[in-house]
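**Q** take a look and give me a structure for this.
(3 chains)
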Amino acid sequence: MEQLFAWLSDALADNTVFNFNTLTFYGRGLVNTVQLVFLSLVIGLVLAVPLSIARGSKHKWIKLPIFFYTYVFRGTPLLVQLYMIYYGVVFIDGIQDTWLWYFLKEPFYPALAAFTLNTAAYTTEIFHGAIKATAKGEIEAARAYGMSHRLMMRRIIIPSAFRRALPAYGNEVIFMLHASAIASVVTIMDLTGAARFVYARYYAPFDAFLFVAAIYLCLTFAILYLFRYLEKRLLAHLRPVS
Amino acid sequence: MIDLHGYGPRLLEGALVTIELGVLSLILAIILGLLTASAKMSRNRLLHGIGTLYTTIIRGVPDLVLMLLLFYGGQIGINQVTDLLYYQFDIDIFININAFVAGVVTIGLIFGAYMGETFRGAFLAVDNGQIEAARAYGMTERLMLRRIRFPLMMRHALPGLSNNWMVMLKTTALVSIIGLVDMVRVAEEAAKATHEPFTFMVPVAIIYLLIASVSEWFFSRLQKRYNVGFGEAE
Amino acid sequence: MKKLLSVTLLGAALIAGTVQASDKESIRIGVDVPYEPMEYRLPSGELTGFDIELGNALCAEIGIECEWVVQGWDGIIPGLMARKYDAIMSSMTINPDRREVVLFSDPYFTPPSAWFAPADSEIEAAFKETLEGKNIGVQRGTLQDNYATDRFGDVANISRYATADDMVLDMEAGRLDIVFLDFPVGKSTLLDSEANEYKVVGDMITEPKKYFGDGFGIAFRKRDEELAKKFNEALATLKENGTYDKLFEKYFGQAPKSK
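**A** Next comes the predicted model:
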């Protein structure tokens, strides 16, 4: 490892922009971006599963509030949502004296909250669409077996719906990775934040932004291949016989 | 009109900027999208390669990063050219990309890639029988494109197009970060000056929802028009 | 290949941009607002401040038209390179890093930098030990950013803001423990406006020169040597005839120290 560092700093000796210091910035940015995106996706997914089932409920007062939530969060820019949460919470009287402030003080948690609510809204609609598209025959068959609604949901509808939602969910994951770039406007040192720092310090837009674009491209491809692999495994039964 | 501490009129101006930006970028994106789709479907390997490279790279990098790169880097690239002209030939021209133009070009360029995929899929979805029938009628390639392939393609492309437009509308908010005064920027400035973020961000959110709802209605009308002759879809 | 790229870029630019011939009779000056009292907007939207008034006086002295172009700080030097404007007069400190890219006028003002914290803060001096684990606020790409990043980046958490405004807002909200600013700016945005809520931590800082340079200068593109010369001559005249001293007193409340 030591040798690697020595080699790295040698290799970078002539380079004013990409010295050891700026590379650590990019490194930390990568960690922050991955953390933020991963956590918001996981929490968003956990929220979206019950929400998507409730979204299809027959009761108006269950269905409508969820529809309203997804409509608002999918219809407005994430940037506006982020500003509202980041700056908005500050002006709630007395919030600084509550335990919540411990979290809201850091820019990370308001951003995480905004990203989570946003991705949960999109994911809810993706799952809802997939549940609605369940083949009638499957439901009829389950009914014929005398399954209760609950059991049918658990054994038949949800497993097949979530598998069908996989490609759309993959897009949502990539979308979230790209959307996370705006975290830098609330001072989070994510990948884009690191690039903006390097740009402002060395006045080198091409170096700073092309490098970070390449990192994002790699991350995107990694996600793409992961989902392609998952689709191959989980959707094997839908593939045409070759 | 609600006064909003005197920021009301500026907020409306900002909303106008958002709409202008959205519509102009949409036009550019559609043109680029059609070009990309034809490049990707062409038998020429170079064109095909360029189209693929463009869609892959654009769709793999965050909009904000591309915007920062083009806005800050684009001007410097152009200046290297004009500086070269100045030093070599003593020609002193100055080309200024203002924030609005940069915004339109960047958003258009980004969504051109997404549109390209939409159009390609739609062209491929056109029933081959229709094309064969047109050929049998002795139509030229050109006439066939105008009368048969394009209208039929639009029917398949519309849902994707509408979807891209909705995403694009929200992407326009990012121009506030590179200094263009759209409605998000106005709301942000006002919120900081008055310490009342909700007073300004909520109206902005409502305007976005309004634009989205109107567009949804518009696209559903358009879809009906292009569906004529195919029975009622669904 | 490079040529091809250039031609393509030029073509794209001609479509995208507006072509203007450079006009010697008027110049555009880039400025980042708000940065009270150096440059800020009146409620009516009009620009004012020490830099703005001095800049207008300089232009009047030279006999050219001045037009102010507002540009965010992190893009202000690239904007000059990009010829979005011909000069920068925006509390820009002359330092070696920047000298490599732009041409500076003679310094026209030398402010110290200072640390500001809430009055009840337990931080009494800015050292590695006292700042450990604290949230430090700076404006992105400023010399304060560079200094704080190099000195305290490994022990403290540094938050970088696009404008001084954002930073003050987060300081008021309680997200920041301490901020590092040009003293006149901190004085007018923090000390004066909020009565006793804030204090200066430690001494004014002007050293080392590597970071804090030689005071504020007007930045030009390297090739515009003649323009810089004109500004230097005008500055000398204003200092002699008392115009400069009057402005100085108006904004900083005291006469400048004589040399």
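**Q** so how far is C:Phe127 from B:Gly108?
**A** Using C-beta to C-beta, to the nearest Å, one gets 51 Å for the distance from B:Gly108 to C:Phe127. To be clear about C-beta, it is placed using only N, CA and C from the backbone, and glycine gets the same treatment.
**Q** quick one, which of these two is more surrounded?
**A** Shown here are B:Gly108 and C:Phe127; by other C-beta atoms under 10 Å in any protein chain shown, B:Gly108 has more neighbours (22 against 13).
**Q** spit out the contact partners of the more buried one.
**A** Residues counted as contacts of B:Gly108 (C-beta atoms under 8 Å, 6 or more residues apart in numbering or on different chains) are B:24-29, B:32.
**Q** just the strands in chain C please.
**A** Along chain C, the segments classed as strands by DSSP state E run C:18-21, C:26-31, C:40-41, C:47-48, C:65-70, C:87-88, C:103-104, C:113-118, C:135-139, C:157-161, C:178-182, C:198-205, C:219-220.
**Q** packing partners of the longest one?
**A** Here strand C:198-205 touches strand C:113-118, helix C:183-186, going by 3 or more C-beta pairs under 8 Å, 6 or more residues apart in numbering or on different chains; DSSP states H and E.
**Q** so which of those is nearest chain A?
**A** Closest to chain A of those is strand C:113-118 (C-beta to the nearest C-beta; 11.7 Å).
**Q** pairing partners for the closest one, with directions?
**A** Partners of strand C:113-118 in the sheet, by DSSP bridges, are strand C:178-182 (antiparallel), strand C:198-205 (antiparallel).
**Q** export the longest one to PDB, keeping only CA atoms.
**A** Listed next in PDB are the C-alpha coordinates belonging to strand C:198-205 (Å, rounded to 0.1, in the frame of the first residue of the first chain):
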ATOM      1  CA  TYR C 198     -21.200  37.500  17.200                       C
ATOM      2  CA  LYS C 199     -17.600  38.000  18.100                       C
ATOM      3  CA  VAL C 200     -14.200  38.100  16.300                       C
ATOM      4  CA  VAL C 201     -12.100  35.100  17.300                       C
ATOM      5  CA  GLY C 202      -8.400  35.700  17.700                       C
ATOM      6  CA  ASP C 203      -6.400  38.200  15.700                       C
ATOM      7  CA  MET C 204      -6.800  39.700  12.300                       C
ATOM      8  CA  ILE C 205      -4.900  37.500   9.800                       C
END
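**Q** from chain B, how far out is the closest residue to C:Asp145 other than its chain neighbours?
**A** Distances taken as C-beta to C-beta, 6 or more residues apart in numbering or on different chains place C:Val138 nearest to C:Asp145, at 4.3 Å, with adjacent residues excluded. Note on C:Val138: its distance to chain B, by C-beta to the nearest C-beta, to the nearest Å, is 18 Å.
**Q** let me see the contact set for the residue of the stretch 51-200 of chain C found nearest chain A.
**A** With C-beta to the nearest C-beta, the shortest gap between the stretch 51-200 of chain C and chain A falls at C:Gly141, namely 2.9 Å. Contact analysis of C:Gly141 by C-beta under 8 Å, 6+ apart lists A:197, A:200-201, C:73-74, C:160.
**Q** please apply the same query to A:Leu82.
**A** A:110-111, A:114, A:182-183, A:185-186 are the contacts of A:Leu82 under C-beta under 8 Å, 6+ apart.
**Q** over to B:Leu32?
**A** B:108-109, B:111-113, B:115-116.
**Q** save these as TSV, and put in secondary structure, pLDDT and distance to A:Gln96 too.
**A** Below are the contacts of B:Leu32 laid out as TSV (DSSP: H, G, I helix; E, B strand; the rest coil; pLDDT from 0 to 100; distance: C-beta to C-beta, whole Å):
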residue	secondary structure	pLDDT	distance to A:Gln96
B:Gly108	helix	94	44
B:Leu109	helix	92	44
B:Phe111	helix	93	42
B:Gly112	helix	94	47
B:Ala113	helix	93	45
B:Met115	helix	93	47
B:Gly116	helix	92	50
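**Q** who wins on neighbours among those?
**A** Highest neighbour count within those, by other C-beta under 10 Å: B:Met115, with 29 neighbours.
**Q** contact partners for that one?
**A** B:Met115 touches B:29-30, B:32-34, B:36-37, B:161, B:164, counting by C-beta under 8 Å, 6+ apart.
**Q** run through chain B and note the low-pLDDT ranges.
**A** Within chain B, the ranges that satisfy pLDDT under 70 run B:1-4, B:90-97, B:231-234.
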